[in-house]
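Asker: this is the structure alone, sequence omitted:
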């Protein structure tokens, strides 16, 4: 399959800072989904990981926010089926989504709303998680409904 990645940290002005290369299609583990990638997003984490690379071979595949179609389901996955449209923020310890296919832990995946395009769905995962953590884990927004004197302006 085709993928985009880097072998080393180079300035973005260098034509080899990101490279296209061929690699094996991932094989899903028991809890994984194999997703055919339809859209991806770029986040600051992508640039931070690229900047921290030493010289490596094979190249590291970047990208963790994605949307696509399930091609294969791991043996222990019970809540997804082949052909469903999904979106997710992947796992930084695994190869990213800047490729034709990605094996992703099914516990990190959600069904793509039918009214969203693949591009819209791929733009949501990491920024959506960040907003949720801010509102509910840091600001306690879940307590606002219990106390009518509190308001949140966004």
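Answerer: Nice, I can see it. Values in this document were obtained by computation on a predicted structure and should not be read as measured data.
Asker: from residue 7, how far out is the closest residue to residue 91 other than its chain neighbours?
Answerer: Excluding its sequence neighbours, the residue lying closest to residue 91 (Cβ to Cβ, 6 or more residues apart in numbering) is residue 105, at 6.1 Å. For glycine as for every other residue, the C-beta is placed from the backbone atoms N, C-alpha and C. Residue 105 is 26 Å from residue 7, where distance means Cβ to Cβ, to the nearest Å.
Asker: for residue 21, what is the enclosing helix or strand?
Answerer: Taking DSSP states H and E as the criterion, the element that holds residue 21 is strand 19-22.
Asker: can you give me the helices in the chain?
Answerer: For the chain, the helices defined by DSSP state H occupy 44-51, 118-122, 125-132.
Asker: which residues sit against the helix-or-strand element of the chain with minimal mean pLDDT?
Answerer: Every helix and strand of the chain was ranked by mean pLDDT, DSSP states H and E. The lowest is helix 44-51, at a mean of 85. Residues outside helix 44-51 that contact it (Cβ atoms under 8 Å, 6 or more residues apart in numbering): 6, 9, 17-18, 60, 62-64, 92, 96, 126.
Asker: again with stretch 67-80
Answerer: 28-40, 81-88, 97, 101-102, 106, 109, 111-112, 118-119, 121-122.
Asker: any idea of the mean pLDDT for stretch 94-109?
Answerer: Average pLDDT, stretch 94-109: 97.
Asker: from residue 9, how far out is the closest residue to residue 8 other than its chain neighbours?
Answerer: Excluding its sequence neighbours, the residue lying closest to residue 8 (Cβ to Cβ, 6+ apart) is residue 55, at 4.5 Å. Using Cβ to Cβ, residue 55 is found at 9 Å from residue 9.
Asker: for the two, indicate the residue with more neighbours.
Answerer: residue 9 (15 against 8; other Cβ atoms under 10 Å).
Asker: thank you kindly, that will do.
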